[in-house]
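Novice: Sequence first, then the predicted structure, then my questions.
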Amino acid sequence: MASNQLNWEDLNPTRFLITGSLVTVSCDLMLFPCDLTKTRLQLLGSSTARVSYPPYTGAINAIKTIRMQETWRGLYKGFSVSVCGSVPADVIYYGTYEFGKYWWKKKYRELHRSHPLMPSPDKFDPFCHMFMGALAELVSSIVWIPTDIITQKMMAQGNLLPPRYTS
């Protein structure tokens, strides 16, 4: 009788790299106008906001004003930089996570052979997943944080002055 259980070890991690990056870009595409609006609303009252764009009365007013004054492209200022940072960061994240899990389990199996009283390495190890997830996030942030800063700066600039950042 065939087993209906999914064996995670048999899955191809390369597919996770590709699909994870596609999902990230899709989510960014849908949520980017909301992020841009939040950034602009957070800057209300600052010297940058007073000279870059008119004051907004709320989120809906901000979206309408940006769309009217800066066209639909204004709602996606900085999107290209965001994608250029999020795709490599996702690849680095998933690569580090999957390789780290593989390395951890290999080392744990070697240790288990010499110390058989240790828990079985085949059981779900939450510490391994937690540690490798944190490590993967740390490594991928080396790429993600600088591009996110550039994206935020591009989001903050309106169209009342010549742009400081274009791409």
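Specialist: Alright, I've got the coordinates.

Novice: tell me which element residue 31 is part of?
Specialist: Assessed by DSSP states H and E, residue 31 sits inside helix 13-42.

Novice: Mean confidence (pLDDT) on the helix or strand immediately after that helix in the chain, please.
Specialist: Once the chain leaves helix 13-42, the next helix or strand it forms, by DSSP H and E, is helix 47-52. Average pLDDT, helix 47-52: 72.

Novice: now the very next helix or strand once past helix 47-52 and helix 13-42, what's the angle there?
Specialist: The first helix or strand that comes after helix 47-52 along the chain, using DSSP H and E, is helix 59-74. Here the directions of helix 59-74 and helix 13-42 differ by 120 degrees (axes from the mean of the first three to the mean of the last three C-alpha atoms, to 10 degrees).

Novice: packing partners for helix 59-74?
Specialist: Identification of packing neighbours for helix 59-74 by 3 or more C-beta pairs under 8 Å, 6 or more residues apart in numbering; DSSP states H and E yields helix 13-42. Where you see a C-beta, it was placed from the backbone N, CA and C, and this is true even at glycine.

Novice: secondary structure class for the nearest residue to residue 133 once chain neighbours are set aside?
Specialist: Closest residue to residue 133 apart from its sequence neighbours, by C-beta to C-beta, 6 or more residues apart in numbering: residue 97 at 6.2 Å. Under DSSP: H, G, I helix; E, B strand; the rest coil, residue 97 falls in the helix class.
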